[in-house]
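1. following is a predicted model, sequence given first.
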Amino acid sequence: MKRRDFCTTTTVAAIGLTANQAKSQPEVRKREFRDKVYKSVKWGGKVNMDRLRKLKDLGFDGIEGSAPGMDTEGLRKACAEIDLPMHGVVYNKHWKMRLSSPDPETREIGRKGLEEAMRESKAVGGSSVLLVPGRVSKNNETHDQVWERSIAEIRKVLPLASHLGIHVLIETVWNGFCYKPEQFRDYLDEIDSPWVGAYYDIGNMQKFAPSHEWIRILGSRCVKFDVKDWGVKNGFCKLGEGDVDWKLVRKEMARIDFSGWVTREGGDGGDEVTAKLMDELLDL
């Protein structure tokens, strides 16, 4: 074999070896959302210092409470001590005291409860209240009625939202309301307030349209995200085991330049597993 042929042969072999090695290596992605997106978990109303410390050690950035009815003083002190803030709360009366109820008294109770939750969120250092605005039902709660009644009640709390600096963030769930991303977009646009936005649940709405499409259509209206997975075969499931296309979800989050809180709702077999899955699927 001539020297030139030998060099060519060994070079080709080396290139082939390098290509094979590259194929065998796991994908290395740039963690583009690190320091831009903050991971959190849902939290009950009680103080638990051991779990707070554990979450901090696992790299969680915060927690999200449930209001009204929290130990606001105790939780604020505990969160400050661990340096693990409560970034907001879920309004825990929105199912029973619905803003879409045909009963005006029930709507008023629901609205006052929402205001109480807003004050508790402020008291613990949060920035938002998650709200399910109503439920379509056979009992005089059509889609149009949920739309109109809930918007009327939400508009009544906007002065308080502005005063406290607390966002009212609407979540779509399996409640018969706004099952198309365009509907949800138009609902938020009709309210037309800087204090109202989307708390988009990545898993909830996968059933009705691919989750990345929801994010694309909602765009900058997405203020916070709930993190879940869902699949046709296994329903709500461990993160990464459903039908959510996390690569496309990341792409759409990047496209809207999202920066903010993402909160795991549900479990994956322990906080350690959840922390790793959130880091991997969301490039944290």
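-> It's in. Residues are numbered from 1 along each chain as shown.

2. what count of nearby residues applies to E171?
-> For E171, the count of nearby residues is 22 (other Cβ atoms under 10 Å). Bear in mind the C-beta positions are built from the backbone N, C-alpha and C, glycine included.

3. so what pLDDT did it get?
-> Listed pLDDT for E171 reads 98.

4. shouldn't K122 be in contact with H163?
-> No. Between K122 and H163 there is no contact under Cβ atoms under 8 Å: 9.3 Å.

5. with neighbour numbers in mind, choose between these two.
-> Taking neighbours as other Cβ under 10 Å, K122 and H163 compare with K122 leading, 18 against 10.

6. name the helices or strands packed onto the helix or strand containing that one?
-> Using DSSP states H and E, the element containing K122 is helix 104-123. Counting contacts by 3 or more Cβ pairs under 8 Å, 6 or more residues apart in numbering; DSSP states H and E, helix 104-123 packs against strand 62-67, helix 72-82, strand 86-91, strand 128-131, helix 143-164.

7. state the next helix or strand along the chain beyond the longest one.
-> Just to be clear, that refers to helix 143-164. Following helix 143-164 in sequence, per DSSP H and E, is strand 167-170.

8. and the pLDDT for the residue nearest to I151 when sequence neighbours are not counted?
-> Nearest residue to I151, sequence neighbours excluded (Cβ to Cβ, 6 or more residues apart in numbering): I191, at 5.7 Å. Model confidence at I191, given as pLDDT, is 98.

9. next one: E64
-> Predicted confidence (pLDDT) for E64: 98.

10. now do the same contact list for the residue nearest to it when sequence neighbours are not counted.
-> Closest residue in space to E64, ignoring its immediate chain neighbours: T263 at 4.9 Å, by Cβ to Cβ, 6+ apart. The contact partners of T263, taken as Cβ atoms under 8 Å, 6 or more residues apart in numbering, are 39-42, 64, 87, 224-227.

11. what about T263, which SS state?
-> strand (DSSP: H, G, I helix; E, B strand; the rest coil).

12. L99 reaches E108, doesn't it?
-> No. With contact defined as Cβ under 8 Å, L99 does not count as touching E108 (9.6 Å).

13. which of the two has more neighbours?
-> L99 (28 against 15).

14. gap between the more buried one and Q145?
-> With distances taken as Cβ to Cβ, to the nearest Å, L99 is found 11 Å from Q145.

15. F208 - how many residues pack around it?
-> If you count neighbours by other Cβ under 10 Å, F208 ends up with 15.

16. all helices for the stretch 151-284 of the chain, in order.
-> Here the stretch 151-284 of the chain has its helices, by DSSP state H, counting those that start in this stretch, at 181-191, 211-218, 246-255, 271-281.

17. what mean pLDDT does the second one get?
-> Averaging pLDDT along helix 211-218 gives 98.

18. counting contacts, what elements does that helix pack onto?
-> helix 181-191, strand 196-201, helix 246-255.

19. and the last one, by the same measure?
-> Contacting helix 271-281 under the criterion 3+ Cβ pairs under 8 Å, 6+ apart are the following elements: strand 37-42, helix 49-57, helix 246-255, strand 260-264.

20. please enumerate residues in contact with that helix?
-> 31, 39, 41, 51, 54-55, 58-60, 227, 238-240, 246, 249-250, 262, 264, 267-268, 284.

21. check the offset of that helix from the chain's centre.
-> Counting by Cα atoms, centre = their mean, to the nearest Å, helix 271-281 is centred 15 Å from the centre of its parent chain.

22. on that earlier part again, the helices of the stretch 151-284 of the chain into JSON lines, with extra columns for mean neighbour count?
-> Output for these, formatted as JSON lines (neighbours: other Cβ atoms under 10 Å):
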{"stretch": "helix 181-191", "mean neighbour count": "16"}
{"stretch": "helix 211-218", "mean neighbour count": "22"}
{"stretch": "helix 246-255", "mean neighbour count": "17"}
{"stretch": "helix 271-281", "mean neighbour count": "18"}
